[in-house]
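just a sequence and a predicted model for now, questions to come.
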Amino acid sequence: MMARRSLWMSGLVAAGLMTMALPLRAADAAATDAVRLVWMGDVMLADGPGRVIARGGDPFKPFAPLLDQADLRIANLECTIATGGKALDKPWTFRTSPRVLPLLRRHVDVVSVANNHTGDFGKAAFAEMLGRLREAGLPYLGGGRDWREAHRPLVIERKGVKIALLAYDEFFPRVFEAGDKLPGVAWSEDEQVRHDIQQARTQADVVIPFMHWGQEHEPRANERQRELARLMIDAGADAVVGAHPHVVQDTETYRGKPIIYSLGNFVFDGFSSPDNNTGWVLWMDVTREGVRAWRVQEAHMDRHGTPHPAGDPGPLAIKPDSPRLP
């Protein structure tokens, strides 16, 4: 694993992608009237990060000045925020106190709840979390009080650009899935995903799905991810962003549109491997015509799960049709 990832990372460096893959300065986006999106991978606010917050700390603090440059900050919320519920019988369960919400709201504008941990403490705790997110003024996607809400796109307007966000889970347990009258996550079914994207296209200028998929600890996307990503772009998505494997994965450009298969972890503890403790923050500039430019920046997590930025944010951009590694 380490040898394979080292070779892959060396390829990125040799191609100049790790030095070029950095966020534009805020003035650059303003000058182009582009909307600056920043995407974070798995954000788990229980365990180590939860203890940091309980002591009055802030695991987002090292990245805060950079995140604040974005017009829209999006993260995958990889835990339940609730006081109720009972842990399901599964290897890892994550629940954190609602006291984290003001801090989360300070650094994140939108959360995806489409993953394999928001349902860790059952349907009632999931519904409680949704209610608390609404009360905190923190929009969510990829889940809802019923199936219809879970599959509904979240449409947000910035600088006159309407952006539709969708999110889906592909990693079991499927018991987390929303039902006709049951809260839960949006499960990924190809034809439904295609339909959702096509419907979202009628409501927004830009459509981007945020996926929870892939094989854990694998540095390359599998064939299922690749096929589904291309299906989504064929259906009308302007880009595809993913998380879940707990490592970063390769990227691809398909029909001129970027696919970032996995951002890895962002706020997460409990891993000893440098692979798991290295994630990506994805910076993306969008206009009414779609994705104008994108780049990634490394985040290195310490033993408490707090991410620290690597690299000097600069003005270099990568166009969506630039050559990418296969």
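Here it is on my side, so go on. Numbers count the residues shown, from 1 in each chain.

where's Leu130 relative to Tyr254, distance?
Summarising the geometry, the distance separating Leu130 from Tyr254, computed by CB to CB, to the nearest Å, is 33 Å. No exception for glycine: its C-beta is placed from N, CA and C like everyone else's.

same check, this time on Glu191
Distance from Glu191 to Tyr254, counting by CB to CB: 20 Å.

same thing with Arg288?
When CB to CB is the yardstick, Arg288 and Tyr254 sit 21 Å from each other.

repeat that for Ile74.
From Ile74 over to Tyr254 the distance is 21 Å, taken as CB to CB.

helices of this protein, residue ranges please.
Using DSSP state H, the helices assigned to the chain run over residues 2-14, 17-20, 26-32, 47-54, 64-67, 101-107, 122-135, 147-151, 190-201, 223-235.

would you reformat those as a markdown table and include mean neighbour count?
Shown next, in a markdown table, are the helices of the chain (neighbours: other CB atoms under 10 Å):
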| stretch | mean neighbour count |
| --- | --- |
| helix 2-14 | 13 |
| helix 17-20 | 16 |
| helix 26-32 | 15 |
| helix 47-54 | 19 |
| helix 64-67 | 14 |
| helix 101-107 | 16 |
| helix 122-135 | 18 |
| helix 147-151 | 19 |
| helix 190-201 | 17 |
| helix 223-235 | 18 |
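
save those as CSV, and put in mean pLDDT and distance to Asn115 too.
Compiled in CSV, the helices of the chain are given as follows (pLDDT from 0 to 100; distance: least, CB to CB, whole Å):
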stretch, mean pLDDT, distance to Asn115
helix 2-14, 36, 23
helix 17-20, 33, 27
helix 26-32, 53, 29
helix 47-54, 97, 16
helix 64-67, 97, 20
helix 101-107, 98, 15
helix 122-135, 98, 11
helix 147-151, 98, 13
helix 190-201, 98, 16
helix 223-235, 98, 15
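
tell me which residues touch the closest residue to Gly41 other than its chain neighbours, please.
Counting by CB to CB, 6 or more residues apart in numbering, Leu263 is the residue found nearest to Gly41 once chain neighbours are left out, at 3.3 Å. Under the criterion of CB atoms under 8 Å, 6 or more residues apart in numbering, the neighbours of Leu263 are 39-42, 76, 241-243, 248, 279-282, 296.

now swap in Leu72 and tell me
Contact partners of Leu72, counting by CB under 8 Å, 6+ apart, are 35-38, 109-110, 156, 158, 163.
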